[in-house]
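>>> Need coordinates for the below:
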Amino acid sequence: MELIPANERQTQKSDRSWFTGEVWLETINLAPAPARHRAVHVTFEAGARTAWHSHPLGQTIYVVEGGGVIGTRDALPRVIRAGDSVWLPPGEEHWHGAAPDEKMKHISIQEAESGFVTTWMEHVAEEDYSTLAE
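Sure, this is the predicted structure:
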């Protein structure tokens, strides 16, 4: 067993090549091999979001606070709120982040495949971010 006290968890500012706006990442767990589980608590300031990306084994997002937006290549972006969870299948290209006027916090859960977790792509165009599904 490994206990990670709350005051020993690392929080870091996101890499600008993968995010737009202010985003903070707090690692919950990076399980050692042979386990593949990874969980991160992510805080997006209003208007902040990821770039387009995918995960080889999929991703679960659980919104814990505030409101946000999530989009895929084949559908208009949708609003997500505290308490919502989203399953993104392996390889699905998507993005997610805070609403334009509201902070959002979510937990991101995914598995590594051969140590690999995320394929990053281009930043989300402003028109894609601001167009919501009805």
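>>> Regarding residue 86, what is its secondary structure?
strand (DSSP: H, G, I helix; E, B strand; the rest coil).
>>> mean confidence for stretch 70-80?
In this model, stretch 70-80 carries a mean pLDDT of 94.
>>> Check the offset of the least confident helix or strand in the chain by mean pLDDT from the chain's centre.
Scoring the helices and strands of the chain by mean pLDDT, DSSP states H and E places strand 11-13 at the bottom, with a mean of 87. Distance of strand 11-13 from its chain centroid, counting by C-alpha atoms, centre = their mean, to the nearest Å, is 14 Å.
>>> elements contacting that strand?
Other elements packing on strand 11-13 under the criterion 3 or more C-beta pairs under 8 Å, 6 or more residues apart in numbering; DSSP states H and E are strand 23-30. From N, CA and C alone the C-beta is placed, and that goes for glycine too.
>>> neighbouring contacts of the strand it packs on?
4, 9-14, 37-45, 48, 50, 97, 107 (C-beta atoms under 8 Å, 6 or more residues apart in numbering).
>>> Now with 10 Å, please.
With contact meaning C-beta atoms under 10 Å, 6 or more residues apart in numbering, strand 23-30 is reached by 2, 4, 6, 9-16, 19, 35-45, 48-50, 97-98, 105, 107-109, 112, 117.
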